[in-house]
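Colleague: Got a predicted structure plus its sequence, pasted below:
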Amino acid sequence: MLALPPPPPPPPLATRISKQVSPNQTVISKDSKKQTIKQHSQESNAPNYVTPNSIRPPPPTTTPRLRQPQFQRTNPITWFAAVLCLVFSLVLIFFGVATLIIFLGLKPRNPTFDIPNANLNAVYFDSPQYFNGDFILLANITNPNRRIDVRFESLDVDLFFSDRIISTQSIQPFTQRRRESRLESLHFISSLVFLPSDIGMNLKKQVQSNRVSYNVRGTFKVRVTMGFFHLSYSLHSRCQMEMTAPPTGVLVARNCITKR
């Protein structure tokens, strides 16, 4: 019998695999697979950064079309209010400038209050705390302005001893013309005026030492007339006096200050 030839050797594994893969599939060899894994490991170890090519430009934005405002007519009431405010501002500026010019031209000064003479007639006590006294002073009220008349609408004068009021007097309202002075005699009578024991002892000591200190405080409401302008304000006068002992007590020294 004739010997049969040996069977052909089996095909390699790659050949068999290639035969089993369909034509729509992609076959990756071992070498290419290793190269891909190595490339991925290098990319994972590389620093994170963004390339310019990877930045996508923002989508273009469309600007909305601006609508032109419709023309509206101004309300007549608004125009009237604006004109009224303008007129008021102009009047206010005019009067302000006029007042400033008048004050700079006239240079108004405050009236003055002075005591040129005074007499202390009596000081005695009915009891240690009740005081009686008789005091007369001559007040000189002067208007130093050259072009302005002054009217005194109210005048109140108080007599004090050691900040304790012991008598009060009032002067009738009057008008003073320019550079005019007026003398007023004020008679202060103290009857059973209560004084604390310490203040009463101080008054007795001053009478014994022939030096009695009295204080006079005047409050005046003044009205100044400058043409069509009228200005009212208050004046406060303070006078400190030293008298000799009664019954012939006379004025030895004085200091008077008048201010607003």
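Modeller: Nice, thanks for sending it over. Numbering: from 1, shown residues only.

Colleague: The helix or strand hosting I141: what's the following helix or strand?
Modeller: Element membership of I141 [criterion: DSSP states H and E] is strand 130-142. As assigned by DSSP H and E, the chain's next helix or strand after strand 130-142 is strand 149-161.

Colleague: For this protein, give me the ranges with low pLDDT.
Modeller: 1-72, 74, 102-103, 105-106, 227-228 (pLDDT under 70).

Colleague: Confirm that V91 sits in a strand.
Modeller: No: looking at V91 with DSSP: H, G, I helix; E, B strand; the rest coil, it is helix, so not inside a strand.

Colleague: measure it to A98 for me?
Modeller: Distance, V91 to A98, by C-beta to C-beta, to the nearest Å: 11 Å. To be clear about C-beta, it is placed using only N, CA and C from the backbone, and glycine gets the same treatment.

Colleague: Go through the strand holding I141 and flag the buried ones.
Modeller: 131, 133-135, 137, 139, 141-142 (16 or more other C-beta atoms under 10 Å).

Colleague: on that earlier part again, for V91 and A98, indicate the residue with more neighbours.
Modeller: A98 (13 against 10; other C-beta atoms under 10 Å).

Colleague: what's that one sitting at in phi/psi?
Modeller: phi -60, psi -40 (degrees, to the nearest 10).

Colleague: cool, I257 as well?
Modeller: Backbone phi and psi, for I257 under degrees, to the nearest 10, turn out to be phi -130, psi 130.

Colleague: now it: how far from R147?
Modeller: Distance, I257 to R147, using C-beta to C-beta: 25 Å.

Colleague: could I get stretch 190-199 in PDB with only the CA atoms?
Modeller: C-alpha atoms of stretch 190-199 as PDB (Å, rounded to 0.1, in the frame of the first residue of the first chain):
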ATOM      1  CA  SER A 190     -36.400 145.100  98.300                       C
ATOM      2  CA  SER A 191     -39.000 144.200 101.000                       C
ATOM      3  CA  LEU A 192     -38.600 141.000 103.000                       C
ATOM      4  CA  VAL A 193     -36.600 139.200 100.400                       C
ATOM      5  CA  PHE A 194     -35.500 135.800 101.500                       C
ATOM      6  CA  LEU A 195     -31.700 135.200 101.500                       C
ATOM      7  CA  PRO A 196     -30.000 132.000 102.600                       C
ATOM      8  CA  SER A 197     -28.000 132.400 105.800                       C
ATOM      9  CA  ASP A 198     -24.600 132.300 104.100                       C
ATOM     10  CA  ILE A 199     -25.600 135.000 101.500                       C
END
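
Colleague: mind putting the buried residues of strand 130-142 in CSV, distance to V83 included?
Modeller: Below are the buried residues of strand 130-142 laid out as CSV (distance: C-beta to C-beta, whole Å):
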residue, distance to V83
F131, 69
G133, 68
D134, 69
F135, 65
L137, 60
A139, 55
I141, 49
T142, 49
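
Colleague: from those, which is closest to A118?
Modeller: Looking at those and their distance to A118, the nearest is L137, at 4.1 Å (C-beta to C-beta).

Colleague: Noted, bye for now.
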